[in-house]
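Peer 1: One predicted model, sequence on top.
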Amino acid sequence: MAISTKKRKAPAQKQTQLKPKKSSVTVETPVKDNDSDSELESDSESSSETELIDQESPDETIENAEEKVNAKPTKYLNTQASKDKNKEQKELKDKRKALKPDYELIRELKRKWELMRRRDNPMEKRQEAVKEALDMIKGKIKEVTFKHDCSRIIQSVLKVGDLKQRNLVAEELKDSFLELSTKKYGKYIVIRILRYCPSYREKVISSFYGNVQKMIRLKESAVVLEEIYTSWANSEQQSSLIQEFYGNEYAIFKNSSKSKKISDIIANSPEKKATVLSNLKKVIHSLLNKETVQKSIVHKCILDYLTYADFNEAQELSSLLKENIVEILHTKDGAKAGMLCFFYATPKDRKSILKTFKEYMHKICCEEYGHWVLLAALESVDDTVLMGKTVIQDLSAMIDKLANDKFGRRVLLHILCGREKQTAVESLCSVLKNLNDEQTPKTNKKSTGYQKLDESYILMDKTSCRVFTSIVKSDYKQKLEEVGQNSPSLGNLVLDSILNVPDLLPRLAVSGVFLVVDLLESPLTKERTKKELGNIHKQLASLKELKIDEEGHEKKKRKVEEKSEKAVKLSVNDIIMKLLVKN
């Protein structure tokens, strides 16, 4: 490799010479005078080194980059220096905490709390820790309670301590119940006082009077209000809490007002009806898009409004509630409000409500109050195609589960038997009848009222026959204490319905309906069914040659002579005949 021998100017600053790396490349320089030898040597060395670096740098750069990319992160090494640093930081943290008031007191309380909260400790040891903790904070309970890291300590004192110790805590906090209910952890102390201090329940409830509307809008205090309304308040106290939603007049002048329920207010002062309903409407509108719409006290407000509002106003609210009905039907008042919404809603809104039920159909059918809303839907919706797609189709897929459930069975029986007192709650039947008679003509095009098909049509239908079969099976599989010693069996009710239609039982037997087989196998209906079929045994032989079509008409069956031998199959008719012959 040739190197230029042209003389270069020396740099202004002194450069450090790089040690040449070993290389197979040899550099030859021409011989010059002695004066220029040193310069040539320096130039040749620097240029050769530069050339060697240029040759090796790309590969080294790529290798270094790959090593950096593929390199794994090094683990943190807990050296002695880091340990000392952590120790120093911990000491500084303890010093900062020590500057806070009551630091030593809270520190000692936490030690006592460790003893009282653990269930593996003996009760005597836990109660001793409670006593020592109360001796330390007596007179300071209010100050300690509002500290975020001491709320659990007061909760444990209320839980483990005796009645005298619990009342001591409640006495010092009696002026702070409202403020505690708005705190993230303080609300649990109020709930514990309600649970463990019976003599202070009325004081807790009365401390919230005048602030109910503010409390229901706050996430923390709404939990306390729900606990009071559903678990601890009596009917008079519940009315006093609800009354505040009727207007400021009923929130401020509680003691002077004798009327507490909305029915009494409207009866005594009809001119106040519009104001009360207007205030209720504002409250409901402000709570629809919040989690508080799931609270029982809000459900009562919705029910009061729908009960006393005009048709147009109730229909307007039903339209707003169409997405929220599925959230409120788990309570008694919420279910009643949901029923009213179905009867007031337009056909379009009813369709929207049923769509929200799709995902929770089984849960709704099996709830104590939730299935009321589904019965109202069956009564109010006149679109049979819509009901078949959204409700009946889903119920058909879960017949066995519903037949074995106490409340799910009522839905099936309502579809099959209607508002019968033997299969439904009498009070619910009367409510459905009144709503159907009053509101259905206003919302449905076909105001034909309550319709009921003939039993023969229902029993000959495949889906309904499956329902009856499941009911009979579940009836005799249940324990006697669940069914009741004196209560009539559902199998006997089904058999009575069949016997009410002339010649229906033999027709079901000849058509090969499994319901007859289950009635013959059930110990509750076996004897009666066998007796009824035994009396018409001769008719069975003649009816066996007749074919029953879907409409129930009889046609003569053509006799076909089978020339080829085929395997004999056991039909449902043969099973029935064997059960009749069997002793």
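Peer 2: On my side now, so go ahead.

Peer 1: Do I have it right that residue 134 meets residue 161?
Peer 2: Yes. At 7.4 Å, residue 134 counts as touching residue 161 under the criterion of CB atoms under 8 Å. Where C-beta positions appear, they are placed from N, C-alpha and C, glycine not excepted.

Peer 1: Look at the two and report which has more neighbours.
Peer 2: residue 161 (21 against 17; other CB atoms under 10 Å).

Peer 1: and that one, what is it in contact with?
Peer 2: Contacts for residue 161 were tallied using CB atoms under 8 Å, 6 or more residues apart in numbering; they are 127, 130, 134, 169.

Peer 1: Helices - which of those residues land there?
Peer 2: Counting by DSSP state H, those place 127, 130, 134, 169 in helices.

Peer 1: Which one of the residues you listed is nearest to residue 410?
Peer 2: Closest approach to residue 410 among these (CB to CB): residue 169, at 46.9 Å.

Peer 1: Surely that closest one and residue 139 touch.
Peer 2: No. Assessed by CB under 8 Å, residue 169 is found out of contact with residue 139, at 11.9 Å.

Peer 1: neighbour count winner among those two?
Peer 2: The residue with more neighbours, out of residue 169 and residue 139, is residue 169; 26 against 7, by other CB under 10 Å.

Peer 1: From residue 163, how far off is the more buried one?
Peer 2: Between residue 169 and residue 163 the computed distance is 11 Å (CB to CB, to the nearest Å).

Peer 1: what does residue 350 give?
Peer 2: Here residue 350 is placed at a distance of 54 Å from residue 163 (CB to CB).

Peer 1: what about these two, which has more around it?
Peer 2: Between residue 350 and residue 163, counted using other CB under 10 Å, the more crowded position is residue 350 (26 against 11).

Peer 1: Figure out the helix or strand that that one lives in.
Peer 2: helix 347-357 (DSSP states H and E).

Peer 1: what sits up against the next helix-or-strand element following that helix?
Peer 2: Where DSSP H and E defines the elements, the next helix or strand beyond helix 347-357 is helix 361-365. Defining contact as CB under 8 Å, 6+ apart, one finds that helix 361-365 is touched by 326, 329, 357, 370-371, 373-374, 391, 394-395, 398, 401-402, 405, 407-408, 411.

Peer 1: Just the buried positions in helix 361-365, please.
Peer 2: Residues 361-362, 364-365 are the ones in helix 361-365 that count as buried (16 or more other CB atoms under 10 Å).

Peer 1: swap in stretch 499-513?
Peer 2: 501, 504-511, 513.

Peer 1: So, low pLDDT: which residues of the chain?
Peer 2: The chain contains residues with pLDDT under 70 at 1-80, 255-259, 426, 437-464, 474-489, 512, 535-583.

Peer 1: Walk me through the domains of it.
Peer 2: Residue ranges for the domains of the chain, per automatic domain parsing: 100-207, 208-309, 485-552+569-581.

Peer 1: Quick one, which of those domains gets closest to residue 317.
Peer 2: domain 208-309 (6.4 Å).

Peer 1: Now the terminal residues of that closest one, how far apart.
Peer 2: Criterion CA to CA, to the nearest Å; first-to-last residue distance in domain 208-309 is 28 Å.

Peer 1: OK, contacts around residue 218?
Peer 2: residue 182.

Peer 1: which phi and psi does it have?
Peer 2: The phi and psi values for residue 218, taken as degrees, to the nearest 10, are phi -100, psi 140.

Peer 1: what about it, distance to residue 411?
Peer 2: Distance from residue 218 to residue 411, by CB to CB: 38 Å.

Peer 1: hmm, back to that, which among the contacts of helix 361-365 count as buried?
Peer 2: Here, 16+ other CB under 10 Å leaves 326, 329, 357, 370-371, 373-374, 391, 395, 398, 402, 405, 407-408, 411 buried among the contacts of helix 361-365.

Peer 1: Point out the ones among those residues that are inside helices.
Peer 2: Applying DSSP H to the buried ones among the contacts of helix 361-365, the entries found in helices are 326, 357, 370-371, 373-374, 395, 402, 408, 411.

Peer 1: Need the max-distance pair from these.
Peer 2: 326 and 402 (18.4 Å).

Peer 1: just to revisit the earlier point, in helices, which of the buried residues of stretch 499-513 fall?
Peer 2: Within the buried residues of stretch 499-513, residues falling in helices by DSSP H are 504-510.

Peer 1: Closest to residue 92 out of these?
Peer 2: Nearest to residue 92 among those is residue 508, at 87.7 Å by CB to CB.

Peer 1: which of the residues in the helix or strand harbouring residue 273 are buried?
Peer 2: Following DSSP H and E, one finds residue 273 within helix 273-287. Using 16+ other CB under 10 Å as the test for burial, helix 273-287 gives 276-277, 279-281, 283-284, 287.

Peer 1: what does stretch 152-164 give?
Peer 2: 153-158, 160-161.

Peer 1: For those residues, could you give me TSV that also reports secondary structure?
Peer 2: Formatted as TSV, the buried residues of stretch 152-164 follow (DSSP: H, G, I helix; E, B strand; the rest coil):
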residue	secondary structure
153	helix
154	helix
155	helix
156	helix
157	helix
158	helix
160	helix
161	coil
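
Peer 1: Go through the residues you listed and say which is closest to residue 198.
Peer 2: For these, the nearest to residue 198 is residue 158 (12.7 Å; CB to CB).

Peer 1: For the one helix or strand residue 192 maps to, which helices and strands make contact with it?
Peer 2: Residue 192 belongs to helix 186-196 when assigned by DSSP H and E. Judged by 3 or more CB pairs under 8 Å, 6 or more residues apart in numbering; DSSP states H and E, helix 186-196 is in contact with helix 151-160, helix 163-172, helix 177-181, helix 201-206, helix 219-227.

Peer 1: how about a cut-off of 7 Å?
Peer 2: For helix 186-196, the elements it packs on are helix 151-160, helix 177-181, helix 201-206, helix 219-227, judged by 3 or more CB pairs under 7 Å, 6 or more residues apart in numbering; DSSP states H and E.

Peer 1: List of residues touching it?
Peer 2: Contacts to helix 186-196, defined as CB atoms under 7 Å, 6 or more residues apart in numbering, come from residues 145, 151, 154-155, 158-159, 166, 170, 177, 180-181, 200-201, 204, 220-221, 223-224, 227-228, 232.

Peer 1: that older thread, name the residues of the helix holding residue 350 that come out as buried.
Peer 2: Neighbour-count burial for helix 347-357 flags 349-350, 353-354, 357 (criterion: 16+ other CB under 10 Å).

Peer 1: ok, so of these, who is nearest residue 302?
Peer 2: Taking those together and measuring to residue 302 by CB to CB, the closest member is residue 353, at 14.3 Å.

Peer 1: Name all residues that make contact with the closest residue to that closest one other than its chain neighbours.
Peer 2: Excluding the flanking residues, the one nearest residue 353 by CB to CB, 6 or more residues apart in numbering is residue 322, at 5.1 Å. Listed by CB under 7 Å, 6+ apart, the contact partners of residue 322 are 345, 349, 352-353.

Peer 1: export these to TSV and tack on distance to residue 522?
Peer 2: As requested, those are exported to TSV (distance: CB to CB, whole Å):
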residue	distance to residue 522
345	42
349	44
352	42
353	38
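
Peer 1: Nearest to residue 117 among those residues?
Peer 2: Nearest to residue 117 among the contacts of residue 322 is residue 353, at 46.9 Å by CB to CB.

Peer 1: Just list the residues touching that closest one, thanks.
Peer 2: 322, 325, 342, 345.

Peer 1: Alright, calling it a day.
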